[in-house]
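Asker: Okay, here's the prediction I keep looking at, along with the sequence it came from:
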Amino acid sequence: MSAPEGLRPAGTPATAPAAGGLVIEGLVRRFKGFTALDGVDLELPAGAIVGLVGPNGSGKTTLINVVSGVYAPSGGSVRLDGQEVGGLAPHRLVRLGLNRTFQVPKPFASLTVRENLAVAVGHSGRGAPLRPDILGEVGLEGLGGRLAGTLNASQQKRLDLARALATNPSVLLVDELGAGLATDELGELAHYLRTLADGGITLLVVEHLLGFLEQLTDTVVVLSAGRRIFAGSLRAAIADPEVVLVFLGG
Amino acid sequence: MLFEFAVVAGILFGVYYALLGVGLNLVFGVLQVVNLAHGDVVMLGSYLAFEAYYAWHLNPLWAVVIGVVPALVAGGALYAGVGPRLARAADPEMLSLVLFFGISQIIEALATVAFGNNQRSVPASSLGAAPLRILGERYPRDWWVVAGVSAFVLAALFAYLYASPVGRATRAVMSSPRESAAVGIDVRRVSVATFGVGTFLAASAGVLGVFLLGGVNPTEGVSITVTAFAVIVLGGLGNAPGTVLGGLVFGLATELTQTYASTWSGLVPYVLLLVVMLARPKGLLSKSARVA
């Protein structure tokens, strides 16, 4: 995300989102014999930030896609605030308060930035936006009238985050939002995501950049070949021989 | 004066061609499938006008109104039935082509059984007998009535797309199905509604087409689908406003060719289509106003 519009701390929402605890147990996803997720367990207490890391092909984005309803799980369970939500369609999950960002966003190109957010507010079924100045918070101030299709890649990522926040999520799955950002921008983003968590939004952050994650949380889950191989503190993960092996090779 | 006549006729036919294509384009934009049965629904609309006039002794334009609910329900129900299967398919585009081709053939066979093989028509005088004199030229009244009703239906469609919540959701799905779901839009419900609306648009084009397309027979569906496809490719696939421009270009090309080189009139619009595709592969409105 490039200057001039930096992320700035989120304002205090009018009311905090409903508590969003997410529990994933034994999650399995197969694609024609290939097991992309092989019994993954993961727990996100309400308001927590958990990092999800792993090498390419480890199943991180597949996990996000299954939890957000893009793919149905082949096995296991996903519970949101104690309610089983595994296999629900994405729009139903959004209405229950679970939303996500996309690694490669594709906003409604023919709608303005403001209309993109209006569509999100209008269809999420979760009431008026709790964050009235979302555009300002994500650094899109003054661009509300621009067609989303004319935004650059960095601005489209910001809009994608704003779009997800406009649905008032209690759980937000963040898929590699930091990719391509400069060091100072990563710091801003980490600070912004922390303020979202302070406001009550539970965050699962998929990220390759461990330095960025370090600014955000100390709790990580590491995937390798569709399996969870580590859960605990980031420092412990870095010292774990199996984690080191999958990242650096044997 | 011949030129002015051809231009005005081209515009009148062009507005109609826009209506003929817009349902096909709306369905393509939302569902990413080419409905090969589009022309057969147009054909059924023409028979509805025929029945309205001869069996029920109504002004044939009433068939547009009579067709609203059956078309919406039948189209919506059809897609509600086949949509989930298409969504599960490994190659939904290919399956949809085969599926809608099959539906097209079934409709054609049933229409042949029901109405026979003969060409049927409704007299142009049913829309008013006296020709209209515009700028010193006399035009068949039915051309103006058909263009007027087409423009009205198109205006209603764009009001639906731009001013109603379902219409805005439809535009959002046309732009990005994935992110539509991520803002809480029920993409499947929008798809069902869109197929219903597309079916109504095709049926209403059929009601009017019985005048402009020279009557109706059960086997005309395929050629109508081809014409509609040419119109929407000209304007841009998945681009509803572009269909209006595509229809006007197609209408003007057809009428000017019929006026000055009638032997070539069946060929020139498609040569134009190839030229446009080579110059602007995504259609005439692809860059400046690619909007749903």
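Answerer: Received it, and whenever you're ready, just let me know what you need.
Asker: hey, which helix is longest across chain A?
Answerer: helix A:183-198 (DSSP state H).
Asker: Past that helix, which element shows up next along the chain?
Answerer: strand A:202-206 (DSSP states H and E).
Asker: pLDDT score for residue A:182?
Answerer: According to the prediction, residue A:182 has pLDDT 79.
Asker: can you check residue B:43 too?
Answerer: pLDDT at residue B:43 comes out at 98.
Asker: How about residue A:14?
Answerer: pLDDT for residue A:14: 42.
Asker: before we move on, back to that, just the buried residues of the longest helix of chain A, please?
Answerer: Neighbour-count burial for helix A:183-198 flags A:185, A:186, A:187, A:188, A:189, A:190, A:192, A:193, A:194, A:195, A:196, A:197 (criterion: 16 or more other C-beta atoms under 10 Å in any protein chain shown). Backbone N, C-alpha and C define where each C-beta goes, glycine included.
Asker: With stretch A:226-238 instead?
Answerer: Buried, per 16+ other C-beta under 10 Å, within stretch A:226-238: A:226, A:228, A:229, A:230, A:234, A:237.
Asker: Pick out the most distant pair among those.
Answerer: A:226 and A:234 (21.4 Å; C-beta to C-beta).
Asker: Strands along the chain, start to end?
Answerer: Since no chain was named, I'll use chain A. Here chain A has its strands, by DSSP state E, at A:22-31, A:34-44, A:49-53, A:75-80, A:83-84, A:98-100, A:171-175, A:202-206, A:219-224, A:227-233.
Asker: actually chain B
Answerer: Assigned by DSSP E, the strands in chain B fall at B:132-134, B:137-139.
Asker: how far is the first one from where the chain is centred?
Answerer: In this case it means strand B:132-134. Centroid separation for strand B:132-134 versus its chain: 27 Å, with C-alpha atoms, centre = their mean, to the nearest Å.
Asker: helices or strands next to that strand in the packing?
Answerer: If contacts are counted by 3 or more C-beta pairs under 8 Å, 6 or more residues apart in numbering or on different chains; DSSP states H and E, strand B:132-134 sits against strand B:137-139.
Asker: and the strand it packs on, which strands flank it?
Answerer: strand B:132-134 (antiparallel) (DSSP bridges).
Asker: what is the rounded mean pLDDT of the strand it pairs with?
Answerer: The average pLDDT for strand B:132-134 rounds to 85.
Asker: and the closest residue to residue B:182 other than its chain neighbours, what does it touch?
Answerer: Excluding its sequence neighbours, the residue lying closest to residue B:182 (C-beta to C-beta, 6 or more residues apart in numbering or on different chains) is residue A:90, at 5.9 Å. Shown in contact with residue A:90 (C-beta atoms under 8 Å, 6 or more residues apart in numbering or on different chains): A:68, A:69, A:70, B:181, B:182.
Asker: Could you report the separation of the fourth one from chain A?
Answerer: Spelled out, that is residue B:181. Separation of residue B:181 from chain A (C-beta to the nearest C-beta, to the nearest Å): 4 Å.
Asker: does that residue really touch residue A:89, like I thought?
Answerer: Yes - look at residue B:181 against residue A:89 with C-beta atoms under 8 Å: they come within range, at 7.0 Å.
Asker: Kind regards, and thank you for your time.
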